[in-house]
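Novice: Provided below for reference: sequence and predicted model.
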Amino acid sequence: MAYNEEIILANIRKRRLKVNYSQEFVAAELGISQNAYSKIELGYTKLTLFNFFGICEVLHIGSDKMLREYFEQVRRN
């Protein structure tokens, strides 16, 4: 199974909107600029494992749950 970063990034965005956080807020919590965070969410900058865990923490979702959702979506596609 090939890794599909687009699905993970879409799930991150969906979760961010669900908790009603701006990109600016998430970026500040991660200690990066809003522009840098936007590039991650849009896929212009690769999502590192470090950033993935940090984003999950800021969005109050376990990385295991985020990955479970990802694998469920990949299996459906």
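Specialist: Yep, it's here.
Novice: could you pull out the buried residues of stretch 66-77?
Specialist: Of all the residues in stretch 66-77, those buried under the rule 16 or more other C-beta atoms under 10 Å are 66, 69-70. Placement of C-beta: from N, CA and C, glycine included.
Novice: tell me which of the residues you listed fall in helices.
Specialist: If you go by DSSP state H, those have 66, 69-70 in helices.
Novice: need the buried residues of stretch 66-77 in JSON lines (columns: distance to residue 26 and pLDDT).
Specialist: Shown next, in JSON lines, are the buried residues of stretch 66-77 (distance: C-beta to C-beta, whole Å; pLDDT from 0 to 100):
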{"residue": "66", "distance to residue 26": "14", "pLDDT": "96"}
{"residue": "69", "distance to residue 26": "18", "pLDDT": "92"}
{"residue": "70", "distance to residue 26": "19", "pLDDT": "92"}
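Novice: out of these, who's nearest residue 6?
Specialist: Each of those was scored against residue 6 by C-beta to C-beta, and residue 70 proved nearest at 10.5 Å.
Novice: remind me what the strand or helix carrying residue 17 packs against, helices and strands.
Specialist: Residue 17 belongs to helix 5-18 when elements are defined using DSSP states H and E. Judged by 3 or more C-beta pairs under 8 Å, 6 or more residues apart in numbering; DSSP states H and E, helix 5-18 is in contact with helix 34-42, helix 63-76.
Novice: repeat that with 10 Å
Specialist: If you count contacts as 3 or more C-beta pairs under 10 Å, 6 or more residues apart in numbering; DSSP states H and E, helix 5-18 packs onto helix 23-30, helix 34-42, helix 49-58, helix 63-76.
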